[in-house]
Structure formats: structure tokens, C-alpha cells
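Novice: Give me coordinates for this.
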Amino acid sequence: MTNQNYFLVGKLGKPHSLKGFQYINIEYFFRNFELKETILQIDGINFVVEEFKKHLKNRNLIKFKSYDTIESIIKLRDMDVKMDINLIDTFINEDKLPWPGFFVGHDLKSNNNKLLSYEVLNNIYFCKISGIEMSVPYNSNFFRFENDSLALLDSSLTI
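Specialist: Here you go, the predicted structure:
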């Protein structure tokens, strides 16, 4: 059984140091946010982020509270990391939009379109929307987030 309130946002890698840090391949959207004190779920168990930081190019390191040794984190290697949808208002980008992954497969407000998928190209998100042939840039020119709903703004995109 899967919990529909939790979304896959990353995968843990190998331990990085003796202090409990390990690599995390986290969803691009979250790489520049401060995740300290955020509760993430791994294998159905809640973990509190003690530290989250960049490490070389596109890599990130994460440390969970009460996990201070290699022995304590080695068992977490290759585990999926999930985020509760209740954090949707916590992580908002410069366009005042949350992570599009929360909306994949859901109807967009104010029309009958669904957000089918998204991809990141050259640091820009593009969304595939039902009824629209081209991918739509995920920014405030095309989307608005209000009352926990995502709306597609430009109705001229529909065919």
C-alpha cells in the first residue's frame, strides 16, 4: 500500500563521513532550499534533517538527527526519500510555485487539463499538459499557485 500524501523526492547514496553525512540524489527543485528541520520519510519512518548542503557540482549531502556514524547510516543507502504533501507551502520557488511533482496526474485548476509529467532542461522546468502539444515552461507566466491548487493561466495554449 502506498501513501498518496508522500512523494518521492530523492534517493540516498553512500556515507560521506564519520559524522553521519551521506550523499543524496535529490529532486532538482529542492537542491537550493534549506531543508534543516524538514521531516522526510524513508521506508515509512520519519527522519528529521539536521543538515543539508551542497557538495561538489550537482551533489548534495544530508545528515539526519540522531544518525552520527557510518554504521547508523549505512543501512539507509539506496533508500528512497519521500516528502509529505503538507510541505507544499514550505518550498516555493522564485515564481511563487511549489514543486510540480506534487501535481503530476492531477487536474489543473480553472480548466480540464492534467499535469502529465515534467522535465528539467538547462535548469528550467517544462511541463507536459494534457490537451497541449508543446511543453509549457513552469513559471509565473503560465502557472499560478493558490489555495493549494495549481492553475494554468494562458488558455490560448489549449487546442
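Novice: Tell me the first helix or strand C-terminal of the least confident helix or strand in the chain by mean pLDDT.
Specialist: Least confident helix or strand, the chain: helix 70-73 with a mean of 88, by mean pLDDT, DSSP states H and E. As assigned by DSSP states H and E, the chain's next helix or strand after helix 70-73 is strand 80-84.
Novice: avg pLDDT for that following strand?
Specialist: For strand 80-84, mean pLDDT rounds to 97.
Novice: Chain neighbours aside, what residue packs nearest to N5?
Specialist: I85 (5.0 Å; CB to CB, 6 or more residues apart in numbering). To be clear about C-beta, it is placed using only N, CA and C from the backbone, and glycine gets the same treatment.
Novice: helices or strands up against the helix or strand where N25 lies?
Specialist: Element membership for N25, per DSSP H and E: strand 22-26. Strand 22-26 is packed against strand 6-15, strand 59-64, with contacts defined by 3 or more CB pairs under 8 Å, 6 or more residues apart in numbering; DSSP states H and E.
Novice: Which residues does the least confident helix or strand of the chain contact?
Specialist: For helix 70-73, the external contacting residues (CB atoms under 8 Å, 6 or more residues apart in numbering) are L12, P15, S17, L18, G20, Q22, F64, S66, Y67.
Novice: Please repeat the previous calculation with a cut-off of 6 Å.
Specialist: Residues outside helix 70-73 that contact it (CB atoms under 6 Å, 6 or more residues apart in numbering): P15, G20, Q22, Y67.
Novice: Point out where this structure drops to low pLDDT.
Specialist: Scanning the chain with the threshold set as pLDDT under 70 gives 1-3, 154-159.
Novice: from the chain's centre, how far out does the least confident helix or strand of the chain sit?
Specialist: Offset of helix 70-73 from its chain centre (CA atoms, centre = their mean, to the nearest Å): 25 Å.
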